[in-house]
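Asker: Predicted model follows, preceded by the sequence.
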Amino acid sequence: MAKFTLHDQQSAPQESQDLLDKSVKAFGMIPSLHAVMAEAPGLLEGYQRLHQLFLDSSFDDEETTVVWQTINVEHACHYCVPAHTGIAKNMNVDDAITEALRNETPLPTDRLEALRDFTLAIVRGRGNVDDSTVAAFLEAGFTKRQVLEVILGLAQKTMSNYTNHLADTPIDKPFQKFEWHKAG
């Protein structure tokens, strides 16, 4: 596996320095994922922008967490599952939701389960889902806008999950207590 640099504001390419400053302002530190992504300024900028766009989507905090963690778990991302466990805690998402996502056990509501099922269908089908899958999602109370917003969340998580697989990104200290390994 190639060794990737964990950049800071001094070692990062010039184009990434302001982006890393933005990370510090947002998180109080440079997350290891951002430190790796800084090698490619366009990747870091795109990731930061997609992150904000997804936070600004029509999903509430629980639903946002369901989309993120469903994708993280499906992609077996050793970094993002712990990081988003901590993020969910900061968002005051019920721990029962987080644990169900991490352990691939039933979620506390049918609506959240429908969101996980639809997200998994999009991921596993690479966007190719049948009409009945979309209809079930809409019947659960979601909208066509949210059909497309799942794709937005997937775009963001694909960038981070794939980066973490390639770079074997070390888990940040605040998230180490949430370490995770895919069952089976």
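Answerer: The structure has been received and is ready for your questions.

Asker: going forward, measure contacts between C-alpha atoms and count neighbours the same way
Answerer: Will do.

Asker: tell me, how many neighbours does residue 95 end up with?
Answerer: For residue 95, the neighbour count with other Cα atoms under 10 Å is 12.

Asker: Quick check: which element contains the closest residue to it other than its chain neighbours?
Answerer: Spatial nearest neighbour of residue 95, chain neighbours left out: residue 89 (7.4 Å); criterion: Cα to Cα, 6 or more residues apart in numbering. Assigned by DSSP states H and E, residue 89 belongs to helix 80-90.

Asker: right, and the helix or strand after that helix?
Answerer: That would be, after helix 80-90 and using DSSP H and E, helix 95-103.

Asker: Can you list the neighbours in contact with that next one?
Answerer: Helix 95-103 is touched from outside by 62, 65-66, 69-70, 73, 81, 85, 88-89, 105-108, 180, 182-183, with contacts defined as Cα atoms under 8 Å, 6 or more residues apart in numbering.

Asker: Mind giving me the PyMOL select for those residues, buried ones only?
Answerer: Provided next is the PyMOL selection string for whichever of these are buried by 16 or more other Cα atoms under 10 Å:
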select buried, resi 62+65+66+69+70+73+81+85+88+107+180
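
Asker: Which ones among the contacts of helix 95-103 lie within helices?
Answerer: Those of the contacts of helix 95-103 mapping onto helices are 62, 65-66, 69-70, 73, 81, 85, 88-89, per DSSP state H.

Asker: Check those and tell me the two furthest apart.
Answerer: Farthest pair in the ones in helices among the contacts of helix 95-103 (Cα to Cα) is 73 and 89. Separation: 17.1 Å.

Asker: In this structure, spot the helix with the most residues.
Answerer: When the chain is parsed with DSSP H, its longest helix is helix 144-167.

Asker: picking up where we left off before, what helices and strands are in contact with the helix holding residue 89?
Answerer: Contact here means 3 or more Cα pairs under 8 Å, 6 or more residues apart in numbering; DSSP states H and E; on that basis helix 80-90 packs against helix 61-74, helix 95-103.

Asker: which ones are touching residue 59?
Answerer: residue 146.

Asker: Give me the phi and psi for it.
Answerer: The phi/psi pair for residue 59 (degrees, to the nearest 10) reads phi -80, psi 140.

Asker: And for residue 76?
Answerer: phi 50, psi 50.

Asker: Provide a list of residues in contact with the nearest residue to it once chain neighbours are set aside.
Answerer: Spatial nearest neighbour of residue 76, excluding adjacent residues (Cα to Cα, 6+ apart): residue 182 at 5.9 Å. Residues near residue 182 by Cα under 8 Å, 6+ apart: 73, 76, 103.

Asker: now, among these, which is nearest to residue 40?
Answerer: For those, the nearest to residue 40 is residue 76 (23.2 Å; Cα to Cα).

Asker: burial of that closest one, as a residue count?
Answerer: Other residues close to residue 76 by other Cα under 10 Å number 18.
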